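Student: Below: sequence and its predicted model.
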Amino acid sequence: MDANSKHYAPVGDLTIFEAATLKESLVRLLENDGLVCLDLAKTQRIDTAAIQLMWAARKSGRLLAMNISKELENKLTQLGFAEPLSE
């Protein structure tokens, strides 16, 4: 990653209950230039509300999602997302 990158590593669940916090964090990180690294290694449950927010952030072209679990990959496929979460 370059000097302008930002690292965000949420811990625990990313569900509708954490969606507002996730959105705030992603918006704040994407306000500045550079790559946003979303490290999902310490997340447990991820629901469609969080997936929608991550997918919206992906549209910036500056989101790098890391440590995506097999469970999340399967969920994305089931929901019809053919492209990877990261750019």
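Tutor: Yep, it's here.

Student: list the contacts for residue 55?
Tutor: Residue 55 is in contact with 81, 85, counting by CB atoms under 8 Å, 6 or more residues apart in numbering. From N, CA and C alone the C-beta is placed, and that goes for glycine too.

Student: Let me know the pLDDT of it.
Tutor: You'll see residue 55 listed with a pLDDT of 90.

Student: again with residue 78
Tutor: For residue 78, pLDDT reads 89.

Student: before we move on, what about the one 5 residues further on?
Tutor: Residue-level confidence at residue 83 comes out at 77, pLDDT.

Student: Surely residue 68 is in contact with residue 85?
Tutor: Yes - counting by CB atoms under 8 Å, residue 68 sits close enough to residue 85 to count as a contact (6.3 Å).

Student: from the chain's centre, how far out does stretch 23-35 sit?
Tutor: 11 Å (CA atoms, centre = their mean, to the nearest Å).

Student: What residues sit buried inside it?
Tutor: By 16 or more other CB atoms under 10 Å, the buried positions in stretch 23-35 come out as 23, 25, 26, 29, 30, 35.

Student: Okay, and which of the residues you listed map to strands?
Tutor: Residues of the buried residues of stretch 23-35 located in strands (DSSP state E): none.

Student: ok, the spatially most central residue of the chain - contacts?
Tutor: Note on the chain: the residue nearest the mean C-alpha position is residue 54, at 4.0 Å, using CA atoms, centre = their mean. Neighbouring residues of residue 54 by CB under 8 Å, 6+ apart: 22, 26, 38, 63, 65, 85.

Student: got the buried residues for the helix or strand where it lies?
Tutor: Element membership of residue 54 [criterion: DSSP states H and E] is helix 48-58. Residues 49, 50, 51, 53, 54, 55, 57, 58 are the ones in helix 48-58 that count as buried (16+ other CB under 10 Å).
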